[in-house]
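>>> What shape does this take:
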Amino acid sequence: MVIIRPIEANEISLLTKLWIEFIQDPVGSDRRILPTEENVRTWMNFVNNLIESGEGEVLVAIEDNEFVGYILYEFIRRKPLKTRYGCGLIHDLYVRPSWRRRGIGRRLLEEALERMKTKGTKCIELYVLSTYTPAIKLYEKLGFKEDLRRMTLFLKENTRD
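Purely as a prediction, here's the structure:
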């Protein structure tokens, strides 16, 4: 049975392995972030600081002592300008491919939403690939609506032959 719980401080290195899988996932990640040592260190520091400061959490899904998924979120996203209300941010929601379609992502998301609500979060933002239909359907089932569209243009490098 899959258990959902907050991560423990000594488990960040296990989580990091899952994060590397996430950023390399061709289905659910845009794969722009490289799994360099520097990026891994930066991400681990970000997660540790978020947890230690109480500004965010990581929930993990565990089966037989194996991490099969996680969600990383901030209660109130820090922005340089004041806004009408504080919005939380879901940074990552990832379930290993062999564990998908079992309700684990939904359970992680519902638990995170409840925890964010109890911390006073008024709205929640997230980013999802426009091509990742299963995730979009999950978010919509739980009440998320598209309200801002991010567009990307990849510029070709100028090369001289």
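>>> S13 is in contact with F67, correct?
No. Checked against CB atoms under 8 Å, the pair F67 and S13 is beyond contact range at 10.8 Å. In this view, the C-beta of every residue, glycine as well, is placed from N, C-alpha and C.
>>> Counting neighbours, go ahead and name the busier of the two.
Between F67 and S13, counted using other CB atoms under 10 Å, F67 has the larger neighbour count: 19 against 9.
>>> Against which helices or strands is the helix or strand harbouring the more buried one packed?
Element membership of F67, judged by DSSP states H and E, is strand 66-74. Applying 3 or more CB pairs under 8 Å, 6 or more residues apart in numbering; DSSP states H and E, we find strand 66-74 packed against helix 12-23, helix 37-53, strand 56-63, strand 87-95, helix 104-118.
>>> which residue is nearest the middle of the protein?
Residue closest to the average C-alpha location in the chain (CA atoms, centre = their mean): D92, at 0.7 Å.
>>> Show the contacting residues for the nearest residue to that one once chain neighbours are set aside.
Nearest residue to D92, sequence neighbours excluded (CB to CB, 6 or more residues apart in numbering): L72, at 4.3 Å. Contact analysis of L72 by CB atoms under 8 Å, 6 or more residues apart in numbering lists V47, L50, G56, E57, V58, I90, H91, D92, L93.
>>> Next, give me the two most distant ones among these.
Distance extremes for these: the farthest pair is L50 and L93 at 15.2 Å, using CB to CB.
>>> who has more neighbours, these two?
L93 (24 against 18).
>>> Run through the bridge partners of the closest residue to the more buried one other than its chain neighbours.
Distance criterion CB to CB, 6+ apart; nearest residue to L93, sequence neighbours excluded, is I71 at 4.8 Å. With DSSP bridges applied, I71 shows beta-bridge pairing to L59, L93.
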